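Need coordinates for the below:
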Amino acid sequence: SAMVKRVELTSEDEKVLEHIHRFRITTPQVLAKLFYPAEAIEDVRYHYRELRRAGCVGVGQLYGHQPYYYLTHHAALDYFNERDAGPLDEQRLIDAYAVVAFCCLGATLRQRLTLREFTHDFPDLLKPFPPSHGYYVDIDDAKTRLGLVKVDRAFNYQRSGLHLDRIVKERIKHPAWKRVIEHDDFVVTFVTAWPDKAKRIAEVFASHPQPTPCRIHVVEELRHMVSRRAKEL
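Modelled structure (predicted):
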């Protein structure tokens, strides 16, 4: 549509749009780290305003006065031939933020798998389950695995083992998933907002053998987004 094409995008602009498309949302902090490491957050917001003027991105509220950016429907269709764009409801926003923070703000940069990539790479794994936003490529152990991000939405840390068991049991019933799990090609990452809770979850997992490798990652900003009760549980 003419709406998007009117402005000449630089190759950097296109990389930013690809990044937002991959993760569904992004934030000024993530953009600063990935694309503008030498610039102040204010200047990063300037780049965003240019993309907004071009009709490519919109802004929503992550929490408080923290913004997040998303692709407009025009940009999603024009550049990626996809319809999933625009602002997110609260639950999807929590998942999307956990994934982009885990993949892009930690010491290791990770790639989220888009639905198109997942369908192409793992067609047999898609059939038994609705597609999840949380799949990524895990490269942490010098072995590449399919990773799945699960957000701690206030479960009791003592139940983390049950969560992992359930994730694996649901999948292992299906032959393609069974192969992946038995070949040690699957890992689950629990993302929580609280460092002390992360430590406790790790202790639960260390206390006896788990059905699949698991990681625990802390994204403290999530405490503004998940329920107030979460910390106590």
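
would you list every one of the strands in this protein?
57-63, 66-71, 135-138, 145-151, 186-192, 214-218 (DSSP state E).

So what touches the shortest one?
This means strand 135-138. The list of residues contacting strand 135-138 from outside it, by CB atoms under 8 Å, 6 or more residues apart in numbering, reads 99, 102-103, 110-113, 118, 144-149, 187, 189, 215. Every residue, glycine included, has its C-beta placed from N, CA and C.

So which residue is dead centre in the protein?
With distances taken as CA atoms, centre = their mean, the chain has V99 as the residue nearest its mean C-alpha position (1.9 Å).

are any of the contacts of strand 135-138 buried, and which?
By neighbour count, with 16 or more other CB atoms under 10 Å, the contacts of strand 135-138 hold 99, 102-103, 110-113, 118, 145-149, 187, 189, 215 as buried.

what residue ranges in the protein score low on pLDDT?
Within the chain, the stretches with pLDDT under 70 are 1-7, 227-233.

Show me where it has its helices.
Along the chain, counting by DSSP state H, helices occupy 2-5, 11-23, 28-34, 41-53, 73-80, 90-104, 115-121, 123-126, 160-172, 175-182, 195-207.

Neighbours of Y63, how many?
By the measure other CB atoms under 10 Å, the count of residues near Y63 is 16.

Go ahead and confirm it touches L222.
No - between Y63 and L222 there is no contact under CB atoms under 8 Å: 9.1 Å.

does G134 really touch L148, like I thought?
Yes - under the criterion of CB under 8 Å, G134 makes contact with L148 at 5.3 Å.
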